[in-house]
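> Prediction below, plus the sequence it came from.
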Amino acid sequence: MNKVLILLAVFALTLPLAAHAEKNTGSDVWLPTLVTETPQEGFALAIKLARMGVKSTQSDKEVLFREREKYSQDADSLIHASEVIAAYFQTVAAANNYWK
């Protein structure tokens with residue numbers, strides 16, 4: 001199961017940003033910018049990116065919620081989720097010139 005989570009995490013890292021790279025003109029735009037006012041807002045954005053990546057990879061809500069129950073109790077899965085969020089936070093921080 002950990003290999004699957006790692007693959008999902010890697011896929012989640014690329015999917016939302018790649019999808020946003022295409023010109024998106026419509027009401028479905030949920031990521032208009034990576035720029036945030038503060039590092040705390042940037043961290044919240046990193047969490048949203050990770051969550052949207054998982055949601056995009058697993059569109060079956062029944063499976064999504066069933067699996068969430070399993071990995072929310074698994075320390076390794078939670079550590080991997082934190083690693084994905086950290087990678088997104090690096091991207092957001094760079095986009096914000098590290099809030100200098």
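Yes, it's here.
> So which bits of the strand or helix carrying residue 80 are buried?
Using DSSP states H and E, residue 80 falls within helix 75-95. Buried residues in helix 75-95, counted by 16 or more other C-beta atoms under 10 Å: 77, 80-81, 84-85, 87-89, 91-93. All C-beta spots, glycine's among them, are computed from the backbone N, C-alpha and C.
> check contacts around residue 100.
When contacts are counted by C-beta atoms under 8 Å, 6 or more residues apart in numbering, residue 100 touches no other residue.
> how far away is it from residue 93?
Counting by C-beta to C-beta, to the nearest Å, the gap from residue 100 to residue 93 is 10 Å.
> Could you grab the helix/strand/coil label for residue 59?
Three-state assignment for residue 59 (DSSP: H, G, I helix; E, B strand; the rest coil): coil.
> Count the neighbours of it for me.
8 (other C-beta atoms under 10 Å).
> Roughly how far does it sit from residue 88?
Taken as C-beta to C-beta, the span from residue 59 to residue 88 is 20 Å.
> picking that back up, want to throw the buried residues of helix 75-95 into TSV with distance to residue 54 and pLDDT?
Output for those, formatted as TSV (distance: C-beta to C-beta, whole Å; pLDDT from 0 to 100):
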residue	distance to residue 54	pLDDT
77	11	93
80	11	95
81	9	95
84	9	97
85	11	97
87	14	97
88	12	98
89	16	98
91	17	97
92	17	98
93	21	98
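> which among those residues gets closest to residue 43?
Closest approach between these and residue 43, by C-beta to C-beta: residue 89, at 5.7 Å.
> Name the helix or strand of the chain that has the lowest mean pLDDT.
Lowest mean confidence among the helices and strands of the chain (mean pLDDT, DSSP states H and E): helix 2-21, at a mean of 48.
> I'd say residue 84 and residue 50 touch.
Yes. Taking C-beta atoms under 8 Å as the definition, residue 84 is a contact partner of residue 50 at 4.8 Å.
> So for the residue nearest the centre of the chain, what's the pLDDT?
Compute the mean C-alpha point of the chain, and by C-alpha atoms, centre = their mean the closest residue is residue 50, 1.3 Å away. On pLDDT, residue 50 comes in at 96.
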